[in-house]
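Chemist: mind looking at a prediction? Sequence and model below.
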Amino acid sequence: MSAVIPAPQLPAPAPARSPGVWRAAWQRLRHDRVGMACLMIVGAFAVLILIATLGLIAADWQREVGLPYAPPAFVGPDRDEAQQAIAAPKGPPVDLSDVDPLAPRYAEWRERAARFQTAETVKSPTLPFGGDRLGRDVLAKAIKGAQISIFVGVFAALLATLIGTVLGALGGYVGGKVGDFLEWVYNVFTSIPDILLIFAFAAVFGRGIETVILILGLAGWTGMYRQVRAEYIKHRTREYVRAAEAIGVSHRARMFVHILPNVSHVILVRLSLLVVGFIKAEVILSFLGLGVPVDQVSWGTMLAEANVELVLGKWWQLAAATAFMATFVTAFSLLTDALRDALDPKLR
Amino acid sequence: MVPTLAGVILLVFFLFKYFGGDPAEILGGLLATPEQIESIREQLGLNRPVWQQLWIFVQQIATFDWGRSWATSEAVSHIFATRLPATLTVMIPILVLEIALAIPLALGVAYVRGTLTDRGIMVLTTVALSISFLVYIIVGQWLFGFYLGWFPVQGWSDSFLVNLSRYAVLPIVLAVLVGLAPQTRLYRSFFLDEIGHDYVRTARAKGLSEQRIMLKHVLRNAMIPILTNVAVVLPGVFIGSFLIEVFFSIPGLGREVLLAVNRSDYPVIQAVTVYLAALTMVINLLADVLYKVVDPRVVLK
Amino acid sequence: MTPLVSVSNLRVAFRLGRESTVEAVRGVSFDIPANTTVALVGESGSGKTVSAMSILRLLVAHPGRLRQIRGRDITAVFQEPMTSLNPVFTVGDQIAEVLQLHRGLPRRQAFEQTADLLHEVGIPEPRARVSAYPHELSGGQQQRVMIAMAIANQPKLLIADEPTTALDVTIQRQVLELIARLRERHRMSVLFISHDLALVGEIADQVVVMRDGEVQEHGPVERIFRAPQHPYTKGLLACRPRLDVRPRRLPVIDDFMRSTEPKDPGPLERPSEASTVVEAKGLRKEFRLKTGLFSSKALHAVREVSFSLARGRTVGLVGESGSGKTTVGMLLMRLLDASAGEVRFEGTDLLALSDRQMMAYRRRIQVVFQNPYASLNPRFTIGQMLTEPMRVHRLGANETDRAERARRLLQRVELPPESFHKYPHEFSGGQRQRIAIARALAVEPEVLICDESVSALDVSVQATVLNLLLDLQEEQGLAYLFISHDLAVVKYMADEILVMREGEVVERGPSEALFRAPRHDYTKNLLGAIPRGIEGRV
């Protein structure tokens, strides 16, 4: 086509209320059935996490409420397994009191212990989604794991976005010496393979949820930087920015009031991609023991336990962690796709 | 290139110097006396000024002499020499197979773009991608190695051929299967980008068949971003799919690095990081030369 | 005689969303006789390109048959030669491909013919150029390669979709002559698609005027030009600025559509004696191109340009792409830093001021850019856009006052007051350019730089915006620097004209004199290349 400029004589459809760009994107998203379904799933997870954070559910995930490896309720209690687990040693009981130097004090200890054990819980033979090695409820673990894994993914992505956006905006807008310096930093970070960078950070920073967020954020900002920088370079010479300069608008206002809203959709989509990437990374790090500490649970620590369990035929912890993670990540990924389409209708 | 390498050296040096634990305490262990720790500090040069320590660090890099692993006293250079072959035995087939399979697959999907097949494959890959790599390995190893018994569950030998034909098969197959989905998606997007260009319209106006347009005009142009992508993932080959190595007990570099991280074995981590960064730069240089072959617009300086 | 191609009652609709469709072509019919050039003329959105491309798509239902016709019987040349050629194959490869495909020529023979074809379309050193890549050729040469590819198989019909729009005016003329010559020699028909009626008049035998997906008028070129029937055609012919007269006001299409033919507005009156506002002396700009690690090469974008702008008068800056004309505008308002020279605003050298001191002058020089889509921030409402400059320069007592001023500005550029709360995407190109003008006027400037401000607009819209600019100049005594590649528009707007080539001013003078008696060869060349409709037949 030639220069595509509609003639002014064409009666432009004039909506009563002018939709801004975000509102228009929301209208488009509302018509995307897959996108809306995914938004609901992601929303449901958000509610679940909120409730879990408030301690209303899954707060007691560490309680050993079932028998070790209690099967899921829909499978039913496994008699053979239960027998084996508590199989009494064969042969007559042997009295060890004459060889055991501590034997005289057993009674005393038992008495003391009884004072703390106010109520011996009845261990359930089955649990809704089965139990783990210690008889902890797998469903509760999966919910608590969702809280930790998603929390880590989201905050690490926010951190990486913050670093990448600020540096990318500076590098792209200011250019020159500052830009060269930032490019150098970028080159340094990208010349080390991601996973090695994460390992190196993990080696020096130790363990813990905050550490994982820090590590992932520090290792994962480069993609965001690259994209934001490219956008800023593109927009810096756009005529609307030139016009703002001609008017005398300050550099800071041009960077953040004029350009930033015009690249925000790019940042948002990239942020969503980072969340997915970081959730997966957290799972792997926790699996390797470099992620969340042992007194916490995440999808990754669940999978670490599941590795051994599968050989014993206890598949439910693996299934629970996988199902939770797959549902959330699929919904989030499809939502990201829908978001991208809604924000940039040209892409279709 | 030189400034970047200098940057990597500085990053690694200061990262471990100021954020890592005290090497002397790690080396000495929990039972070391203050005198012992002090002597270790002296040996490592930790009491000298920072710039001298940096100089020692640079010398180590330049002379390929990293001393010994703190945990096993094995020479770091020896670790490299013995672990790398295993990693490459697994990783090179993975990379080659992945690219060789993903290109035709992606080309096929791009050819039927917009159809139900295309959309179905895209949703399928999204779901497949949402499941952690871990799950595939856990289930794959259990199913093919343990339950069906088609492959050895783990193991490694000294013979390259035995390794490749026996022990590496399952890891390679699993990794390729898992890697195919993201790779196909990525390459498909490259192809779709190219299809949107004006020269495709020209090719259609010439009367070329759609197959020929895809195989000649689009494929050749899409090789440019594909090459970029390969150059990006190539350095990763040397650290290997460390997860694969851990699961299948393959004595490769990836597993070694992971062990080093768990043992706070700094020399090993530092050496691997610096050398891989250098390698990345060499690969980028080679990629630049290759660009010239693929893209006539590129002018080498 | 039966026509080569007959299009009857063609309809094309595009799907917009899940339910809604938009009809781009609504029952179009026309014939293309053998050995004839038919032109499809219309403004953007008229459906001319869609109609033409439908010929390539719909002629035969069966895709296999269609492919035999494409590239052999019917071929096409497009607007952007750079992107239309495949960047990774040599031009020889791409031309030989059609010969191999449709004629089954062996590779070597195909390449030999390719050299002959390149020679025929006027590419120097054709033997060597066979192995050149598209990026090694100039824009004009690239389009010649496209044409060589199109005529390789002796087609019956060549569809040329705006083949010269992306090219400079002198190159445009050459390509036009080439197409006319080839049509003659190969006895083929040409379907020539263009937005430019004057250009079409030079090459077409038959003209089809389209608007909003419908044919408005259709006939031999003489009749269309000498005795147009439809008011739209009349309007299109009248609203382009002419080289011979300078009326007070340009006629616009609406006048004709309302069938109130405009009466002669009389000649434009210009103030002769006026005080100088801005004086540019010896402006120079060099860009340094890095050629190696330590070596660099200076690129002279602008060298020794001087001129002065006076109140109520217009200086025109004309030149082809790469002439440095836009850079001059940027230097004048310090959007780029000049390498040398001075810009005196009522005696003060702007180039020597600090950023803070410059602020006061930023208010007094404003600019309106070319692209009406890129020059408005899509995330700002029109109200925000118009009040921001006032806030920066502390104009207006408070927000209510500024909003009031903004509404008055909207009224002045003939936009409805509701526009205040709307976003740019809700406006057409012409309306956006009015908004850009209003934004520039918000700070009450004395000098306005119009950098290709009407170049991206359809001719009918162009006329209304030019009229607005003239009115504003008269009312407020603005000094204009009018930058354009379009000689007719510059001639109409400017009192004095500077012709630029490769950063240098090659000729300058009062616009009438310059057009009547150009001295420099380049100026003569430029003037000779202006499309003149039926009088300028190639």
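Modeler: Cool, got the structure.

Chemist: low pLDDT regions in the stretch 101-250 of chain A?
Modeler: Applying pLDDT under 70 to the stretch 101-250 of chain A flags the ranges A:114-122.

Chemist: at 90 what do you get?
Modeler: Residue ranges of the stretch 101-250 of chain A with pLDDT under 90: A:101-142, A:144-145, A:175-177, A:190-211, A:237-238.

Chemist: go on, the stretch 1-150 of chain B?
Modeler: Where the stretch 1-150 of chain B drops to pLDDT under 90, the residues are B:1-90, B:112-115, B:119, B:122-124, B:126-134, B:137-138, B:140-150.

Chemist: residue boundaries of the strands in it?
Modeler: Remark: no strands are assigned in the stretch 1-150 of chain B by DSSP state E, counting those that start in this stretch.

Chemist: enumerate the residues of it near chain A.
Modeler: Residues of the stretch 1-150 of chain B found near chain A (C-beta under 8 Å from any C-beta of the partner chain) are B:3-5, B:7-8, B:11-12, B:15-16, B:19-21, B:123, B:126-127, B:129-135, B:138-139, B:142, B:146. Yep, even glycine has a C-beta here, placed from its N, CA and C like the rest.

Chemist: and the stretch 101-250 of chain C, by the same measure?
Modeler: Proximity of the stretch 101-250 of chain C to chain A, by C-beta under 8 Å from any C-beta, involves residues C:162, C:165, C:194-195, C:212.

Chemist: lowest-confidence entry in those?
Modeler: Scanning these for pLDDT, the low point is C:Thr165. It has 87.

Chemist: where does the most centrally placed residue in chain C land in three-state SS?
Modeler: In chain C, the residue lying closest to the centroid (C-alpha atoms, centre = their mean) is C:Ser455, at 4.7 Å. Recorded secondary structure, C:Ser455: coil (DSSP: H, G, I helix; E, B strand; the rest coil).

Chemist: can you check the one 10 residues further on too?
Modeler: At C:Val465, secondary structure determined by three-state DSSP is helix.

Chemist: so for the residue nearest to A:Leu288 when sequence neighbours are not counted, what's the pLDDT?
Modeler: The spatially closest residue to A:Leu288, leaving aside those adjacent along the chain, is B:Leu258, at 6.4 Å (C-beta to C-beta, 6 or more residues apart in numbering or on different chains). B:Leu258 is assigned a predicted lDDT (pLDDT) of 87.

Chemist: one more: C:Pro262?
Modeler: At C:Pro262, the pLDDT value in this model is 65.

Chemist: buried set for the strand or helix carrying C:Glu222?
Modeler: Using DSSP states H and E, C:Glu222 maps to helix C:221-226. Neighbour-count burial for helix C:221-226, counted by 16 or more other C-beta atoms under 10 Å in any protein chain shown, picks out C:221, C:224-225.

Chemist: cool, and stretch A:255-268?
Modeler: If you call a residue buried by 16+ other C-beta under 10 Å, then stretch A:255-268 has these buried ones: A:255, A:257-268.

Chemist: thinking again about what came up before, helices or strands up against the helix holding C:Glu222?
Modeler: Using 3 or more C-beta pairs under 8 Å, 6 or more residues apart in numbering or on different chains; DSSP states H and E, the elements in contact with helix C:221-226 are helix C:197-203, strand C:206-211.

Chemist: which residues does the first one contact?
Modeler: Outside helix C:197-203, the residues within contact range by C-beta atoms under 8 Å, 6 or more residues apart in numbering or on different chains are C:37, C:39, C:41, C:164, C:172, C:176, C:179-180, C:190, C:192, C:194, C:207, C:221, C:224-225, C:236-237, C:240, C:459, C:530-538.

Chemist: of the residues you listed, which belong to strands?
Modeler: Residues of the contacts of helix C:197-203 located in strands (DSSP state E): C:37, C:39, C:41, C:190, C:192, C:194, C:207.

Chemist: let's have those residues in JSON lines, adding neighbour count.
Modeler: JSON lines is the format used below for the ones in strands among the contacts of helix C:197-203 (neighbours: other C-beta atoms under 10 Å in any protein chain shown):
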{"residue": "C:Thr37", "neighbour count": "24"}
{"residue": "C:Ala39", "neighbour count": "26"}
{"residue": "C:Val41", "neighbour count": "26"}
{"residue": "C:Val190", "neighbour count": "24"}
{"residue": "C:Phe192", "neighbour count": "30"}
{"residue": "C:Ser194", "neighbour count": "23"}
{"residue": "C:Val207", "neighbour count": "26"}
